[in-house]
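Undergrad: Sequence plus predicted model, see below.
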Amino acid sequence: MNETTHDLDETIGHLFRQHSGKMVAALCRSFGFERIGIVEDAVQDALIAAMKVWPYSGVPDNQLAWLLRTARNRCIDILRRDNRSTPLDAEPEFAADRSEVDAVYFPSEIAEDQLRMIFACCHPEISPDSRVALTLKAVGGFSVGEIATAFLSNPDAVSKLLSRARSRLRELNVRMEMPPPRELPLRLDSVLKAIYLMFNEGYSASTGGSFIRKDLVFEAIRLASLLAKHPVTASPMGDAVTALFCFQAARMTARSDHNGELLILAEQDRCSWDQQLIAHGLHHFRRSAAGESVSDYHLEAEIAAIYTLAPDYSSTDWARILSAYEKLQSRKFSPVIELNLAIVICQLRGPQAAYDRLVSIEHESAIRSYNLFYITKAHFESLLDLVSEARTSLERAASLTHNPPVEAFIQKRISELG
Amino acid sequence: MPHYMLILHEEPMDYSQMSPDEIEAVIREYIEWSQLIEAKGKYVGGQKLVDEGGRLLHGFGSDFRVTDGPYAEAKEVIGGFFTISAADYNEAVELSSDCPHLKYGGRVELREIQPTE
């Protein structure tokens, strides 16, 4: 484990979540991925045992070893109880397994187990939502309740999603292993999609402001870094994803002021951007240039890099951002990219050109329920002195959000119209 | 200085839905509490009683019988105990008053230990 990873772990905190993910991976390797339900129960029991005992005994020197030993014994107990007819000790896999214990002492073993687990949880045969939920639970150590909060869902629905996904993986006989080279590109793509979704779920401010969302962002960064570092799974695309996440996350807390009010990019205090994350992002951004092909992730990382590396708002290289957005737009048309393009065009060619571009996508259904579209439209309208139109757009935007900071932001803009 | 025992009573609960994050936070609170007492030089020790498998002994001689612990039907069990030193009950109460056990709905029975000499 190099220094950056270590620092990142420190930043992330949540030691028990990380322990939980490490234990689930190590025990699934011994007991079989098909027993993941039992393994997760045993890990939960071990954590509860620690909660009951450690307050009295103190925290053991090697927490993970203590927890893993407890969870492993618990696994065997559950399996014995459930399956009395099969003498478990006869199965070689249940003989005292040094490799789990070794995993506690060798970070590279932990990383390897976790990667195998990520590939199993992000199998292309299950839906991206299920991949994210399974990965958060098994690898990230998030509880069903926390996953439900992050996805604005309820715990029962998340439990159902998880159990459906697990039985699908059992049907497919998915094992915890690194994909063979022939399958690697497809499997890696499936993993990156899931991690990208995990990040966006955490990063998007439009759907709620729970602390759990920040944890999702850092979990996505941790997983992306894990993939980008391992010799088998490292890829320019993985580096691009990691860079993109780091550049975005570096600006995350600067998006609101100390009263919780939202700040637009021009208003943000650049000194509060996380320099460690930016450095981490730059490292992966440089490495992402190693490949021959350019992915969507590369273009998004490039845009994020230009925004993040500009010394101040006015010296942002808008022409380069425009060109990256246009390349992205030519690969997969998206109204959201078009909205971003309009914002950049406003910088380069003025509000009328930007406004015309924006109006041309107003009929898109994906845009009609997107409050940022109307906030942006109002911005152009006010620059063009179309005050009453701007007011109408802001009112429309207000009707499309239930997020108090966003509502406050819109009300402030309305009052500024005079 | 006299020693006092904090006997921690609690109701058995289902913790299966607690997240690792919440579990970690609970442990941290207890550890911080006992470390604070330790820093004052007042912490003597603590021991956890095993939740399952208690026995209750009754009778004597031919009347002697053993039953399983009262835990299955009991509303409350003793989870464990801490021992602290304090000048008097006032100080012992003060040291115990922010024990996280109280925050989580448990009861703390505070008893002075009889000196042996």
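TA: Good, I have the coordinates.

Undergrad: which SSE is the nearest residue to residue A:302 once chain neighbours are set aside in?
TA: Using Cβ to Cβ, 6 or more residues apart in numbering or on different chains and skipping the chain neighbours, the partner closest in space to residue A:302 is residue A:324 (4.9 Å). Where you see a C-beta, it was placed from the backbone N, CA and C, and this is true even at glycine. Secondary structure from DSSP states H and E places residue A:324 in helix A:318-331.

Undergrad: mind exporting that helix as PDB, just the C-alpha atoms?
TA: Below are the C-alpha coordinates for helix A:318-331, written out as PDB (Å, rounded to 0.1, in the frame of the first residue of the first chain):
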ATOM      1  CA  TRP A 318     -13.400  27.600 -22.200                       C
ATOM      2  CA  ALA A 319     -12.300  26.700 -25.800                       C
ATOM      3  CA  ARG A 320     -10.700  23.400 -24.700                       C
ATOM      4  CA  ILE A 321     -13.800  22.600 -22.500                       C
ATOM      5  CA  LEU A 322     -16.000  23.300 -25.500                       C
ATOM      6  CA  SER A 323     -14.000  21.000 -27.700                       C
ATOM      7  CA  ALA A 324     -14.100  18.200 -25.200                       C
ATOM      8  CA  TYR A 325     -17.900  18.600 -24.700                       C
ATOM      9  CA  GLU A 326     -18.400  18.600 -28.500                       C
ATOM     10  CA  LYS A 327     -16.400  15.400 -28.800                       C
ATOM     11  CA  LEU A 328     -18.500  13.900 -26.000                       C
ATOM     12  CA  GLN A 329     -21.700  15.000 -27.600                       C
ATOM     13  CA  SER A 330     -20.800  13.500 -30.900                       C
ATOM     14  CA  ARG A 331     -20.300  10.100 -29.200                       C
END
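
Undergrad: Show residues contacting it.
TA: A:294, A:296, A:299-300, A:302-303, A:306-307, A:337-338, A:340-341, A:344-345, A:347-348 (Cβ atoms under 8 Å, 6 or more residues apart in numbering or on different chains).

Undergrad: remind me which residues of the chain are low pLDDT?
TA: Answering for chain A, as no chain was given. A:1-13, A:84-106, A:205-210 (pLDDT under 70).

Undergrad: Oops, wrong one, chain B.
TA: B:70-74.

Undergrad: which residues of it fall in helices?
TA: B:20-39, B:89-96, B:100-103 (DSSP state H).

Undergrad: Next, the angle from whichever helix or strand comes after the helix holding residue A:324 to helix A:318-331.
TA: Using DSSP H and E, the helix or strand that follows helix A:318-331 in sequence is helix A:335-349. Helix A:335-349 and helix A:318-331 are oriented at 150 degrees to each other (axes from the mean of the first three to the mean of the last three Cα atoms, to 10 degrees).

Undergrad: helix or strand for the closest residue to chain B within the stretch 201-350 of chain A, which one?
TA: In the stretch 201-350 of chain A, the residue that lies nearest chain B is residue A:215 (8.2 Å; Cβ to the nearest Cβ). Counting by DSSP H and E, the element that carries residue A:215 is helix A:211-229.

Undergrad: what helices or strands is that helix leaning on?
TA: In terms of contacts (3 or more Cβ pairs under 8 Å, 6 or more residues apart in numbering or on different chains; DSSP states H and E), helix A:211-229 is packed against helix A:3-12, helix A:107-121, helix A:128-138, helix A:144-150, helix A:184-203, helix A:236-250, helix A:275-288.

Undergrad: okay, the angle between it and helix A:275-288?
TA: Going by the same axes, to 10 degrees, helix A:211-229 makes 40 degrees with helix A:275-288.

Undergrad: Write out the residues of the stretch 1-150 of chain A neighbouring chain B.
TA: A:14-17, A:19-20, A:41, A:44, A:47-48, A:50-59, A:141-146 (Cβ under 8 Å from any Cβ of the partner chain).
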